[in-house]
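K.L.:
Would you be able to build a 3D model of this:
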Amino acid sequence: MTYTNQYKFNKELKIECEKCFGLCCVALYFSSSEGFPTNKNAGEPCINLQSDFTCSVHNNLRNKGLKGCTAYDCLGAGQKVAQITFGGHDWRQAPESANQMFEAFLIMRQLHEMLWYLTQALSLQTDHGTKVEISSLLDNTERLTLLDVDSLLALDVAAHRTKVNIHLKNTSELVRSKFRNEKNNPSRNRKANLRRLDYFGADLRKTDLRGADLRGVCLIAADLKGVDLSGADLIGADLRDADLSGANLTNSIFLTQAQLNTTKGNSHTKLPMMLERPNCWSK
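P.N.:
Numbers count the residues shown, from 1 in each chain. Predicted structure coming up:
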């Protein structure tokens, strides 16, 4: 068995808004308190969505304080639903299928997120047998993204995510153990194992976070300037307004562009190869 082509997934998981129908601007629930233009119900178009599915204020999102819009990343799910699942027929042309399209987008976004994490897990694993299993799961997940709309809507996403999470957790432990250096500094690792979930506004500049388990941790407005996050698992971590100036995230794992887009950083921040430096960051 050959391993899945990682380059293919890296390309497919990049957003191409020009191939989408503004699905994130319609299908999602918005709250003005979370950095969106106004409160909006799911299935209701954003007030800034134009007839050609472009955003009328796209170039001024940051200036308008619309952090929710700048942070969101569908990981390519929008164009997949628009061009593959619905064959290029948009919800305005076929309003009778609008609700199905919006529901399909929410499911596709989850599947593409799993593809993102599994692609990284595949590159990080060293055990041949485990790599084969992850590769097979990647291929299976991709096949699910190509289902017809009825089959996609009937999919048990939670059950599939459970299978994915097993491999993500095992890969996380493998990578983090390399950076925890348990034999040379056992006392440090005993502290690291006492998982704290809330670091809101915390000054972490002197905290050793190499190989840390930061899954789902609140790091809102945390001071991470110059911190080495090598081997740290950031899956689901809330990094809104966290200051990553000069931080080293090169070898951090399971970080997404959407998470990164909510942070502060500068030209000295080191990033994983698959992620791009947000335009809003300082020099």
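K.L.:
Check the offset of stretch 40-47 from the chain's centre.
P.N.:
22 Å (Cα atoms, centre = their mean, to the nearest Å).
K.L.:
Other residues contacting that stretch?
P.N.:
With contacts defined as Cβ atoms under 8 Å, 6 or more residues apart in numbering, stretch 40-47 is touched by 22, 25-30, 36-38, 55, 98-99, 102. Every C-beta, even on glycine, is put in place using the N, C-alpha and C of the backbone.
K.L.:
Identify, from the residues you listed, the entry nearest to residue 135.
P.N.:
Using Cβ to Cβ, the shortest approach to residue 135 within the contacts of stretch 40-47 belongs to residue 27, at 30.8 Å.
K.L.:
Would you check how far apart the nearest residue to residue 55 once chain neighbours are set aside and residue 147 are?
P.N.:
Of all residues not flanking residue 55 in the chain, residue 48 sits nearest, at 5.2 Å (Cβ to Cβ, 6 or more residues apart in numbering). Residue 48 sits 32 Å away from residue 147, going by Cβ to Cβ, to the nearest Å.
K.L.:
mind listing the helices in the stretch 51-200 of the chain by residue range?
P.N.:
Taking DSSP state H, counting those that start in this stretch as the criterion, the stretch 51-200 of the chain carries its helices at 67-71, 77-80, 98-124, 128-145, 149-153, 157-180, 186-192.
K.L.:
mind putting these in TSV, distance to residue 252, mean pLDDT and mean neighbour count included?
P.N.:
Shown next, in TSV, are these (distance: least, Cβ to Cβ, whole Å; pLDDT from 0 to 100; neighbours: other Cβ atoms under 10 Å):
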stretch	distance to residue 252	mean pLDDT	mean neighbour count
helix 67-71	18	89	20
helix 77-80	23	97	24
helix 98-124	10	97	21
helix 128-145	19	96	17
helix 149-153	32	98	14
helix 157-180	9	96	16
helix 186-192	15	46	12
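K.L.:
wait, which of the ones you listed is closest to residue 260?
P.N.:
Nearest of those (Cβ to Cβ): helix 67-71, 8.8 Å.
K.L.:
got JSON lines for the helices of the stretch 51-200 of the chain, with distance to residue 199 too?
P.N.:
Below are those laid out as JSON lines (distance: least, Cβ to Cβ, whole Å):
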{"stretch": "helix 67-71", "distance to residue 199": "19"}
{"stretch": "helix 77-80", "distance to residue 199": "30"}
{"stretch": "helix 98-124", "distance to residue 199": "22"}
{"stretch": "helix 128-145", "distance to residue 199": "30"}
{"stretch": "helix 149-153", "distance to residue 199": "37"}
{"stretch": "helix 157-180", "distance to residue 199": "17"}
{"stretch": "helix 186-192", "distance to residue 199": "14"}
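K.L.:
For the residue nearest to residue 55, grab the count of nearby residues.
P.N.:
19 (other Cβ atoms under 10 Å).
K.L.:
Could you do the one 4 residues further on as well?
P.N.:
Residue 52 is surrounded by 8 other residues when neighbours are defined as other Cβ under 10 Å.
K.L.:
For it, grab phi and psi.
P.N.:
phi -100, psi 10 (degrees, to the nearest 10).
K.L.:
Could you check how far it is from residue 262?
P.N.:
Counting by Cβ to Cβ, the gap from residue 52 to residue 262 is 28 Å.
K.L.:
right, and the helices of the stretch 51-200 of the chain - which one's nearest residue 228?
P.N.:
It's helix 157-180; of the helices of the stretch 51-200 of the chain, that one is closest to residue 228 (Cβ to Cβ) at 9.0 Å.
K.L.:
so how far is stretch 201-217 off the chain centroid?
P.N.:
19 Å.
K.L.:
The nearest residue to residue 249 once chain neighbours are set aside: what's it in contact with?
P.N.:
Closest residue in space to residue 249, ignoring its immediate chain neighbours: residue 229 at 5.1 Å, by Cβ to Cβ, 6+ apart. For residue 229, the contact set (Cβ under 8 Å, 6+ apart) comprises 209, 210, 212, 247, 248, 249, 252.
K.L.:
Could you single out the nearest of these to residue 151?
P.N.:
residue 252 (35.6 Å).
K.L.:
and the closest one, how far is that from residue 232?
P.N.:
5 Å.
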